[in-house]
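Colleague: pasting the sequence and the predicted model now:
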Amino acid sequence: MGAFGIRGPIARSDLPGLCDRLGEVLSISAPGDDLLCDVSDLGPDAVAVDALARLQLAARRRRSRIRLRSASAELLELVAFMGLGDVLPD
């Protein structure tokens with residue numbers, strides 16, 4: 001199981017770099033492995049949730065998935081409010 005972390009705040013312009021970083025992590029992980037994403041330093045905002053959803057999509061394209069680790073209650077509430085609770089499991 002691979003692991004990586006994301007720190008905030010995230011700007012929309014950061015998304016390509018985050019996807020590149022995820023690609024590096026996925027390249028050393030076995031296909032189908034879950035990746036733990038430490039989001040303890042990520043604030044609860046729409047851009048952060050958008051970034052996490054995009055990263056999940058990129059991981060799923062490589063037959064993997066991201067699991068959130070150390071997510072704040074506020075971030076999890078926003079994920080659920082945006083209808084992505086099943087997409088971004090903790």
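Modeller: Okay, I see it.
Colleague: and after the helix or strand that contains residue 16, which helix or strand comes next?
Modeller: Using DSSP states H and E, the secondary-structure element containing residue 16 is helix 15-27. Moving toward the C-terminus from helix 15-27, the first helix or strand encountered (DSSP H and E) is strand 34-41.
Colleague: what's the angle from that next one to helix 15-27?
Modeller: For strand 34-41 against helix 15-27, the angle by axes from the mean of the first three to the mean of the last three CA atoms, to 10 degrees is 140 degrees.
Colleague: mind saving the C-alpha coords of the longest helix belonging to the chain as PDB?
Modeller: Longest helix of the chain, by residue count under DSSP state H: helix 46-61. The C-alpha coordinates for helix 46-61 follow below in PDB (Å, rounded to 0.1, in the frame of the first residue of the first chain):
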ATOM      1  CA  ALA A  46     -14.300  23.200  -2.700                       C
ATOM      2  CA  VAL A  47     -10.900  23.300  -4.500                       C
ATOM      3  CA  ALA A  48      -9.500  20.700  -2.100                       C
ATOM      4  CA  VAL A  49     -12.500  18.400  -2.600                       C
ATOM      5  CA  ASP A  50     -12.200  18.900  -6.400                       C
ATOM      6  CA  ALA A  51      -8.500  18.000  -6.200                       C
ATOM      7  CA  LEU A  52      -9.200  14.800  -4.200                       C
ATOM      8  CA  ALA A  53     -11.900  13.800  -6.600                       C
ATOM      9  CA  ARG A  54      -9.600  14.300  -9.600                       C
ATOM     10  CA  LEU A  55      -6.900  12.300  -7.900                       C
ATOM     11  CA  GLN A  56      -9.300   9.500  -7.200                       C
ATOM     12  CA  LEU A  57     -10.300   9.400 -10.800                       C
ATOM     13  CA  ALA A  58      -6.700   9.300 -11.900                       C
ATOM     14  CA  ALA A  59      -6.000   6.500  -9.400                       C
ATOM     15  CA  ARG A  60      -9.000   4.500 -10.600                       C
ATOM     16  CA  ARG A  61      -7.800   4.800 -14.200                       C
END
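Colleague: and it, how far out from the chain middle?
Modeller: How far helix 46-61 lies from its chain's middle: 5 Å, per CA atoms, centre = their mean, to the nearest Å.
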